[in-house]
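Trainee: Everything below, folded, please.
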Amino acid sequence: MDWPTPASQREKATGVGKLSDGAKLSAVIAKLKTLPSYHPTVVALLGISTENPSAVEEFQAVFQTDPAFASELLQVANSAEFGLRREVESIRHALTLLGLDRVSSLAFEMAMRFYMNRVPSMREMQSVWSHSVATAIIAQALAEACGQRSAGMYSAGLIHDIGKLGLMMIEGQPFVEFCAGEFDSTEQYLARERELLGVTHAEAGRAMAENWGFPLHLCECIGKHHDNLNKPLAKPTDIVACACRFASALNYPEFRTERVEAPEQVLVGLGSDVRRSAHLDPVRLQAAITKALQSVWR
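Mentor: This is a model prediction of the structure:
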């Protein structure tokens, strides 16, 4: 595959084309650190374990420090998307009706819109976000199918490709055009990405997450989502990596390719109870992803 623009134009546009690999990496990381800080309320929420007995009180205390964000969340909770029978009147009420994980994920989605609106290409941004939403839903389903702790897996899947959004913001149209290309494999995509910028989107995403103060387990899920897949899926990083591939198999690809895996191929090596789990039924997952994306693009 040819680059979307001549090398001389790429170098001028990105400012890193003539640098050594190490210098390219340093230049990109420095640019990523200039991105606006992530919403502090959401960072605080991500740091709370939803399994703690005091989690509800901790969530409520965080929202009390940010009434404007709390009000926006209540508007979303009262939207037609949830079809609740009664109005959600307070954050405490939302926590009770929706659950801590759903409230945390909603807050994260709301904060992400700030960055999504700054990507120079709506089409590519929609592609990245659609893949991320699909990965989030599948990650939660995979955890449940494997009998693993599912708390926080939705957020981990949702955030795993944040490096792409960051690179689109700092590198602009040249990187957007690169992402619009077609690749033979994940390995080729990552190699070309590193050739262009000296860094992959997984590495860039981890750098962003660490700079923003995200919890370690989320940083690892971001940075390792293209690592070799370990089966059975015993760690959150493995679940997110598998969910990323499964999302592509359901036609929510991370990049354009003609070599798409079938869903059953992604699950090869897992136990029969996992492969046959109702949680991973492609029709069921597709319906959940479609519903979620309709609310995102409403």
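Trainee: Next, Q188: phi, psi?
Mentor: phi -70, psi -40 (degrees, to the nearest 10).
Trainee: for T257, that is, sorry about that
Mentor: Note on T257: backbone dihedrals following degrees, to the nearest 10 are phi -160, psi 150.
Trainee: so R118 makes contact with M169?
Mentor: Yes: between R118 and M169 there is a contact at 5.5 Å, judged by C-beta atoms under 8 Å. From N, CA and C alone the C-beta is placed, and that goes for glycine too.
Trainee: Next up, the contacts around A262.
Mentor: A249 (C-beta atoms under 8 Å, 6 or more residues apart in numbering).
Trainee: so how far is P53 from it?
Mentor: Per C-beta to C-beta, to the nearest Å, A262 is found 43 Å from P53.
Trainee: one step back: neighbour count winner among R118 and M169?
Mentor: M169 (20 against 13; other C-beta atoms under 10 Å).
Trainee: Report the separation between the closest residue to H201 other than its chain neighbours and P232.
Mentor: Residue nearest to H201 in three dimensions, not counting chain neighbours: G163, with 3.7 Å by C-beta to C-beta, 6 or more residues apart in numbering. Distance from G163 to P232, counting by C-beta to C-beta: 27 Å.
Trainee: So these two - more neighbours on which side?
Mentor: More crowded of G163 and P232, by other C-beta under 10 Å: G163, with 26 against 13.
Trainee: Could you tell me how many residues sit around the closest residue to V88 other than its chain neighbours?
Mentor: Nearest residue to V88 in three dimensions, chain neighbours excluded: A77, at 4.4 Å (C-beta to C-beta, 6+ apart). By other C-beta under 10 Å, the residues close to A77 number 22.
Trainee: Surely A77 touches L98?
Mentor: Yes: with contacts counted by C-beta under 8 Å, A77 reaches L98, the gap being 6.2 Å.
Trainee: who touches both of the two?
Mentor: 88, 106.
Trainee: tell me what the one helix or strand F246 maps to is packed against?
Mentor: Taking DSSP states H and E as the definition, one finds F246 inside helix 236-249. When contacts are defined as 3 or more C-beta pairs under 8 Å, 6 or more residues apart in numbering; DSSP states H and E, helix 236-249 packs onto helix 122-145, helix 153-159, helix 216-223, helix 263-266.
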